[in-house]
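Undergrad: could you look at this predicted model? Sequence included:
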Amino acid sequence: MDWRRHMEIIDIGYFELAFCLILVLAAGLASVALRLGLERDLLWGTVRTVAQLFLLGYVLRFIFAVEEPWLVLLILFGMILFAAWTIHGRMEKRPVAFFWPTLVSMLLSYFVIVFFATALVVGVDPWYLPQYVIPLGGMVVGNSMNAIALALDRLFSSLDKGRQEVELHLSLGATYREASRRPLKEAIRAGMIPTLNNMMAVGVVFIPGMMTGQILAGVDPMVAIKYQIMIMIMILISTMSGGILVTHLVRRLCFTANHQLKI
Amino acid sequence: MSLERNDTKKPLLRVRDLSFRYDSDGPALLRDLNLDIHQNDFVHIKGESGCGKSTLLRVLTRLADPDTGTLCFEGRPHTDYSVMEWRTQLVLVPQEPVMIDNSVRDNLLLPFTFAAFRDVTPPGDDRIRQWMSRFHLNGVDLHDRARKLSVGQRMRLAVIRALMVRPKIVLLDEPAGALDETSRNMFEQEIIKLRQDGEVAVVLVSHIPFQAHAERLRVLNMSAGILTGDSVG
């Protein structure tokens, strides 16, 4: 059997796309009938989805057409900035000012990994080709953002719950690094676990979004899986390097220069 | 009131005009404290809970920085020492005998895993067993999980762990707080013996009086962050 038989991408017409709105209308009717009170949210959600994605479509078209390296770098920077800000907003406890260390850790690890993958693994030429850098960068940032938030959250809660143990170490002559080995390890591990679980389940329990997209676009599944393997490893490494960096930088802020726990 | 003793010998630890508050606009927990601790001293600081006893021990071991005042150890100001060096000379045994989730041996040798003890050979099992038998822990095996032991046993281990570091001063925060009458008495005897051996100066804070008779026990009272009365028994 030839896998290529149905592999031409079929464009969806705008009129046909509008058919989907009938389904939204049906959902709205269900909401009214069952008194779910979701009509406003359904409408607003649909409007935002359409508007945001159309906007993204035009922006991407523009970026792909311009092919300017500074623009690609700026967009990657913008994504990381937004991710760091999201983490900052999402944390319930903010015992120390962790925004800047988070941003620095993410910038360092993501830039290295994204360009390692595009320039060396895929061999994109020129190195900043936006069709590759932006979607791959987006996947790395989006996935490891959660990991960094988890790691930071665990670092703060471990230091707080393990206060007695940390101070015991300090009172016996440990440096702050020696005293916080366990909370640090727990934090890095907590950040890694969802990514590792994903790696165990990928292809068996779920088909990742990027692979689905490539297959729909007519790409050979064997090509799509190679990209998927690469992206999984990119996410793994960015999660780990981002997590290690951010926990080390933020841990320093949790102690005074005199090796006292200050949170 | 001055709590300096008319000893001709220089004190091991000299504390002058020590004040401390947690928040800059909060109440002062320690107010203008003066205290001398000499070699082989045995000081019992009495006071109700919340009077600042534990805070004093935290400041003396530099787990918290004083707002004003000076700490001098062996004639040199605390700023001359690295924090780690200081904390190996003045070791705190906290009120809660915290154990890491490991064996008794790992707990007792914990300090020797730190860089501060890089050049020190950790005590061998025989030496550890000697310490344990001295504190009536003969029934405890070095491989036992420390967290499974009773609070009294853990408190003894915490004291042994502090002493094995060979500090000049050991500071005990309510060591008998969780013990019943009999164990408390036994524990007090062990502390007294420790001092008699002349190895270490002992500073003990508690809200309950010291029951056992100890020679030259200095009793100080603490109330609302102020130290008063220095009687040498």
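TA: Right, received. Where do you want to start?

Undergrad: residues in contact with the spatially most central residue of chain A?
TA: Centroid check for chain A by C-alpha atoms, centre = their mean gives A:Gly142 as the closest residue, at 1.6 Å. Listed by C-beta atoms under 8 Å, 6 or more residues apart in numbering or on different chains, the contact partners of A:Gly142 are A:Ala83. In this view, the C-beta of every residue, glycine as well, is placed from N, C-alpha and C.

Undergrad: from chain B, how far off is it?
TA: A:Gly142 sits at a distance of 36 Å from chain B (criterion: C-beta to the nearest C-beta, to the nearest Å).

Undergrad: on the three-state scheme, B:Leu56 is what?
TA: Put simply, B:Leu56 is helix when judged by DSSP: H, G, I helix; E, B strand; the rest coil.

Undergrad: so who does it touch?
TA: Residues counted as contacts of B:Leu56 (C-beta under 8 Å, 6+ apart) are B:Leu30, B:Leu33, B:Ile45, B:Val205, B:Met222.

Undergrad: rerun at 6 Å
TA: For B:Leu56, the contacting residues are B:Leu30, by C-beta atoms under 6 Å, 6 or more residues apart in numbering or on different chains.

Undergrad: let me know the pLDDT of it.
TA: B:Leu56 is assigned 94 on the pLDDT scale.

Undergrad: please enumerate the helices of the chain.
TA: Let's take chain A. Secondary structure of chain A (DSSP state H): helices located at A:14-33, A:39-66, A:69-90, A:99-115, A:130-161, A:163-171, A:176-179, A:181-201, A:209-216, A:221-253.

Undergrad: please refer instead to chain B.
TA: B:53-60, B:83-89, B:104-108, B:125-134, B:151-164, B:181-196.

Undergrad: how about the longest one: buried residues?
TA: It stands for helix B:181-196. B:Ser183, B:Arg184, B:Met186, B:Phe187, B:Glu188, B:Glu190, B:Ile191, B:Ile192, B:Leu194, B:Arg195 (16 or more other C-beta atoms under 10 Å in any protein chain shown).

Undergrad: please report how far the first one lies from B:Asp32.
TA: Pointing back at B:Ser183 there. 37 Å (C-beta to C-beta, to the nearest Å).

Undergrad: and the fifth one, by the same measure?
TA: Between B:Glu188 and B:Asp32 the distance, using C-beta to C-beta, works out to 31 Å.

Undergrad: count the neighbours of A:Pro95 for me.
TA: 15 (other C-beta atoms under 10 Å in any protein chain shown).

Undergrad: go on, the one 5 residues further on?
TA: Taking other C-beta under 10 Å as the neighbour definition, A:Trp100 ends up with a count of 13.

Undergrad: so what's it up against?
TA: Per C-beta under 6 Å, 6+ apart, neighbours of A:Trp100: none.

Undergrad: related to what we said a few turns ago, nearest to A:Gly242, out of the helices of chain B?
TA: Among the helices of chain B, helix B:83-89 comes nearest to A:Gly242, with 30.6 Å by C-beta to C-beta.

Undergrad: who does the spatially most central residue of chain B bridge with?
TA: The centroid of chain B falls nearest to B:Leu171 when counting by C-alpha atoms, centre = their mean (1.0 Å). On the basis of DSSP bridges, B:Leu171 is bridged to B:Leu92, B:Val203.

Undergrad: that one against B:Leu57, yeah?
TA: Yes: B:Leu171 lies in contact with B:Leu57 (C-beta atoms under 6 Å); the separation is 4.8 Å.

Undergrad: shared neighbours of these two, which are they?
TA: B:Leu92.

Undergrad: low pLDDT regions in the chain?
TA: Chain wasn't specified; assuming chain A. Counting by pLDDT under 70, the ranges of chain A that qualify are A:1-8.

Undergrad: my bad, chain B
TA: B:1-8, B:198, B:230-233.

Undergrad: do that again at 80, thanks
TA: For chain B, the stretches flagged by pLDDT under 80 are B:1-9, B:177-180, B:182-183, B:194-199, B:209-216, B:229-233.

Undergrad: for chain A, what are the nearby residues on chain B?
TA: B:Thr61, B:Leu63, B:Val83, B:Met84, B:Arg87, B:Thr88, B:Leu92, B:Glu96, B:Val98, B:Pro111, B:Phe114, B:Ala116 (C-beta under 6 Å from any C-beta of the partner chain).

Undergrad: can you name the residue of the stretch 1-150 of chain A nearest chain B?
TA: Closest contact between the stretch 1-150 of chain A and chain B, by C-beta to the nearest C-beta, is at A:Pro95 (15.2 Å).

Undergrad: wait, that residue touches A:Ile263, no?
TA: Yes: contact status for A:Pro95 versus A:Ile263: in contact at 3.9 Å, counting by C-beta under 6 Å.

Undergrad: run through the residues of the stretch 51-200 of chain A sitting next to chain B.
TA: Near chain B, when you scan the stretch 51-200 of chain A using C-beta under 6 Å from any C-beta, you find A:Gln164, A:Glu165, A:Leu168, A:Ser171, A:Leu172, A:Gly173, A:Ala174, A:Glu178.

Undergrad: mind checking which of the residues you listed are buried?
TA: A:Glu165, A:Leu168, A:Ser171, A:Leu172, A:Gly173, A:Ala174, A:Glu178.

Undergrad: for those, work out which two are farthest apart.
TA: Going by C-beta to C-beta, the pair spanning those furthest: A:Glu165 and A:Gly173, at 14.9 Å.

Undergrad: burial measure for the nearest residue to A:Val24 once chain neighbours are set aside, as a count.
TA: Take A:Val24 and drop its neighbours on the chain: the residue closest to it by C-beta to C-beta, 6 or more residues apart in numbering or on different chains is A:Thr46, 5.1 Å away. Other residues near A:Thr46 come to 17 when the count uses other C-beta under 10 Å.

Undergrad: now A:Met210
TA: A:Met210 has 17 nearby residues by other C-beta under 10 Å.

Undergrad: hmm, back to that, so which of the helices of chain B is the most surrounded?
TA: Among the helices of chain B, ranked by average contacts under mean count of other C-beta atoms under 10 Å in any protein chain shown, first place goes to helix B:53-60 (a mean of 23).
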